[in-house]
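>>> with the sequence up front, the predicted model follows.
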Amino acid sequence: MGLAFKGAALWTESIAILGLAGISYAASLAVAISRVLRYILKRGPITADKLHGALAGYIMLAFVWAFIYALIEKSSAGSFGPGRLDFTKPGTFFKVLFFSFTTLTTTGYGDVIPLTNQARSLVMIGEFAGVFYVGVLIARLAGLYPSTLTK
């Protein structure tokens, strides 16, 4: 569905339809992340598939937050800066995606920053999501890993 919205947005040059594509992509990725997490966190041996799924889930989480940040900027221009993020120019979404990854990993280079309280609130939730994703995942995988000590 997201591809259909994106195609329609490019054909009609409509930013509003592009926003619908972003919402569709974010919702699809959220469903995919929940299914990946369900697979990763179920009992059983830790396999390469589970580790690859964990990495894929983290990358998808970054894309979800990038779409959310883009929608916030689109609905309330000037939420992120410095300067205005213009989504009609190529490379703007990449800036938002880069910001999403640096926020999830709590690196934060400062080239894109939240300027409004609404944007700051969502960025804080994104930071917590990134930290908790890694923390909960490592704790769960460590709990599933069988102990090599025998009595």
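Yep, it's here. Numbering: from 1, shown residues only.
>>> all helices for this protein, in order.
With helices called from DSSP state H, the chain shows them at 2-12, 15-41, 48-75, 92-104, 117-144.
>>> for Asp111, find the nearest of those helices.
Judged by Cβ to Cβ, the one of those that comes nearest to Asp111 is helix 92-104, at 7.8 Å. Backbone N, C-alpha and C define where each C-beta goes, glycine included.
>>> pull the residues that contact the closest one.
Defining contact as Cβ atoms under 8 Å, 6 or more residues apart in numbering, one finds that helix 92-104 is touched by 58, 61-63, 65-66, 69-70, 73, 80, 85-87, 107-109, 111-112, 123, 126-127, 129-130, 133.
>>> need the helices of the chain in CSV (columns: mean neighbour count and mean pLDDT).
Below are those laid out as CSV (neighbours: other Cβ atoms under 10 Å; pLDDT from 0 to 100):
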stretch, mean neighbour count, mean pLDDT
helix 2-12, 14, 58
helix 15-41, 16, 83
helix 48-75, 18, 89
helix 92-104, 19, 91
helix 117-144, 14, 87
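>>> so what's the most centrally placed residue in the chain up against?
With distances taken as Cα atoms, centre = their mean, Ala62 lies nearest the centre of the chain, 2.4 Å away. For Ala62, the contact set (Cβ under 8 Å, 6+ apart) comprises Leu97, Ser100, Phe101, Leu104.
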